[in-house]
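> the sequence and its predicted three-dimensional model are supplied below.
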Amino acid sequence: MISSAKIMSSLQSSIKAAGFRSIRAASDMKSLSFETLSVSSPKEYVYQVQLNRPNKLNALNNTMWEEIGKCFQELDSTPECRVIILSGAGRAFCSGIDLQDAMSMGSMLAEHDDVARKARVLEQKIKKYQDSFLSIEKCRKPVIAAVHGACVGGGFNMISGADIRYCSSNAWFSLKEVDLGMAADVGALQWFSKIVGSESLARELAFTARKMLADEAFKCGFVSKLFNDDETYVNQ
């Protein structure tokens, strides 16, 4: 299996070939210190944002949703940042929404008897989720998503807002929201069909929640490069 560390090692090797300087620790960037994200600058002008809940397969909890928005807004206005690599720590890029958080949302809605109030609360919550991923799409610095392993639900939505998507051969993608009685309305439904040029494929994935393996993602144009374990992840 191709690990996130191996992907990043390949990325850093290619960047080093271009003549950039050595790694700077994330601790030097106090304004970019987060609970669920690891932010570092592996080379000059290059920043890595890594989803950092590996024990939960980088599931999106409330804190991560909030921190993604803050992080990309901060990097958008950071002069030293010229490109951002978005990756995930551990065995998977992202396993989707944290189900414990999803359950807490149900409890929150149960506090209201009025249907209109329930709808209002839900609208406000979803708007926050949408704004989080919009910060990636609106970021003025190029965002490169480096995906390995599972990229499910919210993870799929997240990388749809990136400028460039690369993946390893063990990556797979799924819009699982339909299995939870939800809609993938935090990015993918709006962006995916524009990326691949196929409303049919977008609807198929959204309606069936089936897996799209790495080779299919490459063939349909969702990812622009597919790499095996023994290949250099970035060549320019």
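It's in. Numbers count the residues shown, from 1 in each chain.
> check whether the spatially most central residue of the chain sits in a helix, strand or coil.
The residue lying closest to the centre of the chain (Cα atoms, centre = their mean) is Met158, at 3.9 Å. Recorded secondary structure, Met158: helix (DSSP: H, G, I helix; E, B strand; the rest coil).
> flag the shaky bits of this protein, pLDDT-wise.
Applying pLDDT under 70 to the chain flags residues 1-30, 102-110, 112, 118-119, 121-124, 183-184, 229-236.
> may I ask which helix or strand encompasses Gln190?
helix 188-196 (DSSP states H and E).
> how far does that helix sit from the chain's center?
Helix 188-196 sits 15 Å away from the centroid of its parent chain (Cα atoms, centre = their mean, to the nearest Å).
> quick one, strands of the chain?
37-43, 46-51, 83-88, 143-147, 150-152, 164-168, 172-174, 212-213, 225-227 (DSSP state E).
> what segments of the chain are helices?
Under the criterion DSSP state H, the chain contains helices at 4-17, 62-76, 99-110, 115-137, 154-160, 188-196, 199-208, 214-219.
> list of residues touching the last one?
What that stands for is helix 214-219. Applying Cβ atoms under 8 Å, 6 or more residues apart in numbering, the external contacts of helix 214-219 come out as Cys167, Ser168, Ser169, Asn170, Ala171, Trp172, Phe173, Val223, Ser224, Lys225, Leu226. In this view, the C-beta of every residue, glycine as well, is placed from N, C-alpha and C.
> top of these by neighbour count?
The most crowded member of the contacts of helix 214-219, judged by other Cβ atoms under 10 Å, is Cys167 (30 neighbours).
> thought Val147 was touching that residue, still the case?
Yes: contact between Cys167 and Val147 holds when scored by Cβ atoms under 8 Å: they sit 4.1 Å apart.
> need the residues touching each of the two.
With Cβ under 8 Å, 6+ apart as the test, Cys167 and Val147 both reach Val223.
> name the nearest residue to Glu35, ignoring sequence neighbours.
Thr63 (5.5 Å; Cβ to Cβ, 6 or more residues apart in numbering).
> does the one you found touch Leu37 like I think?
No: counting by Cβ under 8 Å, Thr63 stays clear of Leu37, with 9.4 Å between them.
> who has more neighbours, these two?
Legend: neighbour count by other Cβ under 10 Å for Thr63 and Leu37, higher for Leu37 (23 against 15).
> list the contacts of the more buried one.
Leu37 is in contact with Val49, Gln50, Leu51, Asn52, Met64, Glu67, Ile68, Cys71, counting by Cβ under 8 Å, 6+ apart.
> out of those residues, who has the most neighbours?
Sorting these by how many neighbours each has (other Cβ under 10 Å) puts Leu51 first, at 28 neighbours.
> surely that one and Ala92 touch.
No: taking contacts as Cβ under 8 Å, Leu51 lies outside contact range of Ala92: 9.2 Å.
> intersection of neighbour lists for these two?
The contact lists of Leu51 and Ala92 share Asn58, where a contact means Cβ under 8 Å, 6+ apart.
> ok, Ile68 to Arg210 distance?
26 Å (Cβ to Cβ, to the nearest Å).
> my understanding was that Leu86 contacts Gly161; is that so?
No: between Leu86 and Gly161 there is no contact under Cβ under 8 Å: 9.4 Å.
> looking at these two, which is more packed in?
When neighbours are counted by other Cβ under 10 Å, Leu86 comes out ahead of the other of Leu86 and Gly161, with 27 against 23.
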